[in-house]
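In: After the sequence you'll find the predicted model.
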Amino acid sequence: MATIAGSLMRSLGAVAQSMAQAAPTALRGVSQGLAARVTPSGATWTPQTTSVRHRYHADKLERGPLMKNYGYEEKLHTKGMLPHIVHGKRLPIPMYRPRNCWSEKRALFGQNDYIDILGDRSLKPTDVSYSVPHWLRGFKGNEYQMLLRKRKLFHAQMSRYQPTKLTQLNKRIRKLYVHLNQKTRDYYWHKA
């Protein structure tokens, strides 16, 4: 065992000596220490040096604040309620024009609401509800009845020009049919 260790030390010493003769500047750390023990000139061992990024905090403060996002231009407006003034001009704002409160549309709004009470009973409120489709004027009932009425009136037209809408209408009618027949209370079953 001692002979193996001795031969190993001798071979390491020989390698270190050959390296010291070839390039003494390349030696660093432990290999330089081994070479110092073996070489007859007695060169001293120098420790391996490491670079420190920030040696002193004061040096860091002298350089000023750390620059973050340099060159980034903020797109969002964070300066309050004022408009963006990038090109030196204010943003275009439409001119204020007051509404004409006495236009025909605004002045006559709701004039026929109480026509059945205040009129001569020749007109009904359903006759003057112009914004409602003609097939819904004066209609009373739930959604199922309304959709049945719509399908009865427009089935031929929808099957030709709007087949997808007709399919959706039939699906909704089927769903409401099941709901009304199975999920809602029937008050007449106990009288049978």
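Out: Arrived safely, thanks for sending.

In: what about the helices in this protein?
Out: 2-22, 29-38, 57-62, 104-107, 115-118, 143-161, 163-178 (DSSP state H).

In: helices and strands of this protein: which one has the lowest mean pLDDT?
Out: helix 29-38 (a mean of 52; mean pLDDT, DSSP states H and E).

In: Straight-line length of stretch 64-74, end to end?
Out: Taking Cα to Cα, to the nearest Å, stretch 64-74 runs 23 Å from one end to the other.

In: for stretch 134-145, that is, sorry about that
Out: OK, stretch 134-145 end separation, Cα to Cα: 16 Å.

In: returning to that earlier point: lowest average confidence across the helices of the chain, which one?
Out: Within those, the stretch with the lowest mean pLDDT is helix 29-38, showing a mean of 52.

In: so how far is residue 132 from the spatially closest residue to residue 124 that is not a sequence neighbour?
Out: The shortest distance from residue 124 to any residue other than its chain neighbours is 5.8 Å, reached at residue 116 (Cβ to Cβ, 6 or more residues apart in numbering). Placement of C-beta: from N, CA and C, glycine included. According to Cβ to Cβ, to the nearest Å, residue 116 and residue 132 sit 16 Å apart.

In: quick one, which of these two is more surrounded?
Out: With neighbours defined as other Cβ atoms under 10 Å, residue 116 and residue 132 compare such that residue 116 has more, 15 against 11.

In: Let me see the contact set for that one.
Out: Neighbour list for residue 116: 123, 124, 125 [criterion: Cβ atoms under 8 Å, 6 or more residues apart in numbering].

In: Throw those residues into JSON lines and include neighbour count and distance to residue 63, thanks.
Out: Rendered in JSON lines, the data for the contacts of residue 116 read as follows (neighbours: other Cβ atoms under 10 Å; distance: Cβ to Cβ, whole Å):
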{"residue": "123", "neighbour count": "12", "distance to residue 63": "87"}
{"residue": "124", "neighbour count": "14", "distance to residue 63": "87"}
{"residue": "125", "neighbour count": "15", "distance to residue 63": "82"}
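
In: ok, so of these, who is nearest residue 78?
Out: Lowest distance from residue 78 to those (Cβ to Cβ) belongs to residue 125, with 54.6 Å.

In: Perfect, that will be all.
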